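Colleague: Provided below for reference: sequence and predicted model.
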Amino acid sequence: MPERSWPVRSVVAFGRFWVDFLVGDTPELLVGAVVVLGATAAIAASGSIGASGVAVAFLPLAVLCVLGISLARARSGRR
Amino acid sequence: MIAAVHTSSVVLVVAVFLASAVEMVEALTIVLAVSVTRGLRTALAGALAAVVLLGALVAAVGPALVHVPLSTLRLVIGGLLLVFGLQWLRKAILRSSGLKAKHDEDAIFAEQVAELSGASEQGAGPLAATGGSWRSRWLGPIDRAGAVVSFKGVFLEGLEVVVVVLTLGSTSHDVPLAALAAGAAVVVVGAIGALVARQLSGVPENAMKMAVGLMLVSFGTFWSGEGMHVRWPGSDLAIVALVAFYGLSAWAVVRLLAGRRPAGRRSIPEVEHA
């Protein structure tokens, strides 16, 4: 396999940093956060009365659920 | 309004300071290991090169963030902080409840020293040739391999600090204040490191990591909500309420996990240096 040039190696290393930074060994946190933010955006954009209030309550609770799922996975010894 | 702005600034400074301090403790462990085995000059050369590159990165990326629409910036950065903060908080909770081994700076230090000493014994390190005297540590030639290890340690840990400074700083419209808090952390950790060299395990790293995780998740929740035009009660003061909410929840979860920990179960071993 040919050796990569310095710029290519730098870009690959930078990409690896971001993958490690965002995914690491907990992909469920990234997926969970994206789902929670998408759901909150849908609630906030619904335009119904009190939608913002519902979003205020939903967002922290949903984030806590994502954390709980990840901790449960760790406790069950999957990682 | 003034109280809200002050509260926001205080939380910003505390969050950036603690996050930077945790990362700097990890970087300092590597720099000290290089210093002991390859000489102080080598360790400082690598660390200094990394700091210069990180500074250039902040100078290049920081002003560019001003041109991104505010709600988009808040949503993206809030999401980033949320994911990053959840990772820290999860790890701190697992360590506090005894389900994961605590980060052992002494073990990492010893591992780095052994690795670098091994190379020295093979004739690659300058201290091996000079007998490792005080004079050679200060004035000896710069060892390329040692400088690279020092550079990588400071750059990789520093990159996380840069992300925290830019994200928290730009959403709070105060990158200079965030940078100042990070700079203060570097100075404080550097000074402590110089005084208590090789005793970094005495730093309450997990408690700091827990505090940072709570703040990053709280900031992430707040800013991503703002990016989606969610109106938080009390405006910026909602950040404090979020910190309290997540803090109480984390405390309850730690107690729950520690209480339910099966007898005789060993902690998940520490595999990564984070």
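Modeller: Nice, thanks for sending it over.
Colleague: So which residues make contact with the helix or strand harbouring residue B:190?
Modeller: Using DSSP states H and E, the element containing residue B:190 is helix B:175-195. Taking contacts as C-beta atoms under 8 Å, 6 or more residues apart in numbering or on different chains, the residues outside helix B:175-195 that touch it are B:9, B:12-14, B:16-21, B:24-25, B:28, B:31-32, B:58, B:62, B:65, B:161, B:164-166, B:168-169, B:172, B:200, B:203. From N, CA and C alone the C-beta is placed, and that goes for glycine too.
Colleague: Check the spacing between residue B:236 and residue B:173 real quick.
Modeller: Distance from residue B:236 to residue B:173, counting by C-beta to C-beta, to the nearest Å: 11 Å.
Colleague: out of these two, which sits in the busier spot?
Modeller: The neighbour comparison of residue B:236 against residue B:173 (other C-beta atoms under 10 Å in any protein chain shown) goes to residue B:236, with 19 against 11.
Colleague: Enumerate the residues of chain A near chain B.
Modeller: A:17, A:21-22, A:24-26, A:29-30, A:32-34, A:37, A:40-41, A:44-45, A:52, A:55-56, A:59-60, A:63-64, A:66-68, A:70-71, A:74-75, A:79 (C-beta under 8 Å from any C-beta of the partner chain).
Colleague: So among the residues you listed, which ones count as buried?
Modeller: Buried subset of the residues of chain A next to chain B (neighbour count, 16 or more other C-beta atoms under 10 Å in any protein chain shown): A:21-22, A:24, A:26, A:29-30, A:32-33, A:37, A:40-41, A:44, A:52, A:55-56, A:59-60, A:63-64, A:66-67, A:70-71, A:74-75.
Colleague: low-scoring stretches of chain A, by residue?
Modeller: Residues of chain A that meet the criterion pLDDT under 70 lie in A:1-2, A:78-79.
Colleague: What segments of it are helices?
Modeller: Chain-ordered helices for chain A, with DSSP state H as the definition, fall at A:6-22, A:27-45, A:51-75.
Colleague: Check for me that residue B:29 belongs to a helix.
Modeller: Yes. Counting by DSSP: H, G, I helix; E, B strand; the rest coil, residue B:29 is part of a helix.
Colleague: Can you give me the buried ones in the helix or strand hosting residue B:225?
Modeller: Using DSSP H and E, residue B:225 maps to helix B:205-227. Buried residues in helix B:205-227, counted by 16+ other C-beta under 10 Å: B:205-206, B:208-227.
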